[in-house]
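Undergrad: next one to model:
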Amino acid sequence: MSRIVIAAFYHFARLPDYRQMHEPLLACCEQQGIKGTILLAGEGVNGTIAGSREGIDVVLAQLRSDERLAALEHKESFTGEMPFYRMKVKLKKEIVTMGVPDTDPAHIVGTYLDAAEWNELISDPEVLVIDTRNQYEVDIGTFRNAISPQTQTFREFPEYVAQALADKKDRKIAMFCTGGIRCEKATSYLKSQGFENVFHLRGGILKYLETVESDNNLWEGECFVFDNRVAVDKDLQPGVHDLCHACRRPVSPEDKRSADFVEGVSCPHCINEFSDEQRARFAERQRQVELAESRGDQHIGVKAPNHRNAATS
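TA: Predicted coordinates for the structure are as follows:
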């Protein structure tokens, strides 16, 4: 079986013409049989796409042919099944939504660290290691001794900084996220607020897992990803978590044994979040999915509430 390449990427750059980039980029992806999501905004590009080796290379080459995106880096992993249903290129105000318009990683950002430098820094007990992802992502895996801001969305991060970090501007702060984009924007925000010793993991967790051997790997648990694999382990192989199709949060094997878990309808994390009417709709959607599967058809289903605010983070 041929392997499908999954490429995750982002790049901050000033793109005032990002709306004009939409159609040519979507056409290129569709011509190459690529599926996934790419976000375009005035501040840059962010995406996770999947397809053949040749197709991925063509799309990345088109992006990098724009001199403003020439330095775009990407992370790769591989799977035997297409992890996306369709191809989408979306126009956004931000490629990762924090809601602070003046934050500009293309202008000011923290210090990048590679994997070896990262391991050394976060092993120092005096360093504050902050996981900038949302709590449902942190719950299934993180770096040892990392602090979670316990945010539900990235929009809450500035408030966390004001409440928890305002008196720590003299401390060394190391931040990380899934693919590097969220912590890059977070370091830019901290620098704009007067923090000096701010560091972040280049390429995020995915690049770290791609390059660090098990003996030196300080990651614990699984890493939530933004495709149908749900989560990957230290070796970038699909993990044990599935997705609750009601709330879009990861569910563990233990969660699935709970009385609150009903396939496609509810899980322990969202059992009190939806009305009876909403759960009835979810149940009907799940029934249609199961009917489609019994016929050997693919059923994408009704889009559930989305807790993810970027193509990758």
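Undergrad: okay, now the unreliable bits of the protein?
TA: Applying pLDDT under 70 to the chain flags residues 1-2, 297-312.
Undergrad: how about the helices of the stretch 151-300 of the chain, start to end?
TA: Taking DSSP state H, counting those that start in this stretch, the helices of the stretch 151-300 of the chain run over residues 157-160, 181-192, 204-211, 253-256, 276-294.
Undergrad: tell me where the stretch 51-200 of the chain has strands.
TA: For the stretch 51-200 of the chain, the strands defined by DSSP state E, counting those that start in this stretch cover 73-79, 87-91, 111-113, 128-131, 141-143, 173-176, 198-201.
Undergrad: skipping adjacent residues, who's closest to V127 in space?
TA: Spatial nearest neighbour of V127, chain neighbours left out: K172 (4.6 Å); criterion: C-beta to C-beta, 6 or more residues apart in numbering. Placement of C-beta: from N, CA and C, glycine included.
Undergrad: next, that neighbour: phi, psi?
TA: Reported as degrees, to the nearest 10, the phi and psi values for K172 are phi -80, psi 130.
Undergrad: quick one, what contacts it?
TA: Counting by C-beta atoms under 8 Å, 6 or more residues apart in numbering, K172 touches 121, 124, 126-128, 197, 199.
Undergrad: out of the strands of the stretch 51-200 of the chain, nearest to I6?
TA: With respect to I6, and counting by C-beta to C-beta, the nearest of the strands of the stretch 51-200 of the chain is strand 73-79 at 4.9 Å.
Undergrad: can I assume A8 is in contact with I205?
TA: No: A8 is beyond contact range of I205, at 10.5 Å (criterion: C-beta atoms under 8 Å).
Undergrad: buried stuff in whichever strand or helix holds H22?
TA: Assigned by DSSP states H and E, H22 belongs to helix 18-31. Buried residues in helix 18-31, counted by 16 or more other C-beta atoms under 10 Å: 18, 21, 25-26, 28-29.
Undergrad: check stretch 97-115 too.
TA: Across stretch 97-115, burial judged by 16+ other C-beta under 10 Å covers 97-98, 100, 103-105, 109-110, 113, 115.
Undergrad: quick check: Y18 vs K92, distance?
TA: Per C-beta to C-beta, to the nearest Å, Y18 is found 9 Å from K92.
Undergrad: wait, I meant C270
TA: C270 sits 26 Å away from K92 when distances are taken as C-beta to C-beta.
Undergrad: returning to what we had before: neighbour-wise, which of the contacts of K172 leads?
TA: The member of the contacts of K172 surrounded by the most neighbours (other C-beta atoms under 10 Å) is F199, with 22 neighbours in all.
Undergrad: returning to that earlier point: mind giving me CSV with the helices of the stretch 151-300 of the chain and columns for mean neighbour count and distance to T151?
TA: Shown next, in CSV, are the helices of the stretch 151-300 of the chain (neighbours: other C-beta atoms under 10 Å; distance: least, C-beta to C-beta, whole Å):
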stretch, mean neighbour count, distance to T151
helix 157-160, 17, 6
helix 181-192, 26, 10
helix 204-211, 21, 17
helix 253-256, 13, 21
helix 276-294, 14, 24
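Undergrad: V262 is nearest to which of these?
TA: The closest of the helices of the stretch 151-300 of the chain to V262 is helix 276-294. By C-beta to C-beta, the value is 7.6 Å.
Undergrad: for the closest one, what is the distance to the chain centroid?
TA: 27 Å (C-alpha atoms, centre = their mean, to the nearest Å).
Undergrad: change the start of the numbering to 526 and stick with it
TA: Shifting the count to begin at 526 puts that one at helix 801-819.
Undergrad: A699: neighbour count?
TA: Applying other C-beta under 10 Å, we find 25 residues neighbouring A699.
Undergrad: if you could redo that for P608, that was the one I meant.
TA: 21.
Undergrad: for it, which residues are in contact?
TA: Counting by C-beta under 8 Å, 6+ apart, P608 touches 529, 531, 575, 752-754.
Undergrad: try C748
TA: Contacts of C748 (C-beta under 8 Å, 6+ apart): 665-666, 703, 730-731, 734, 756-758, 764.
Undergrad: before we move on, the earlier item: neighbouring strands - and their directions - for the helix or strand following the helix holding H547?
TA: Downstream of helix 543-556, the first helix or strand assigned by DSSP H and E is strand 560-566. Applying DSSP bridges, strand 560-566 is found paired with strand 569-576 (antiparallel), strand 612-616 (parallel).
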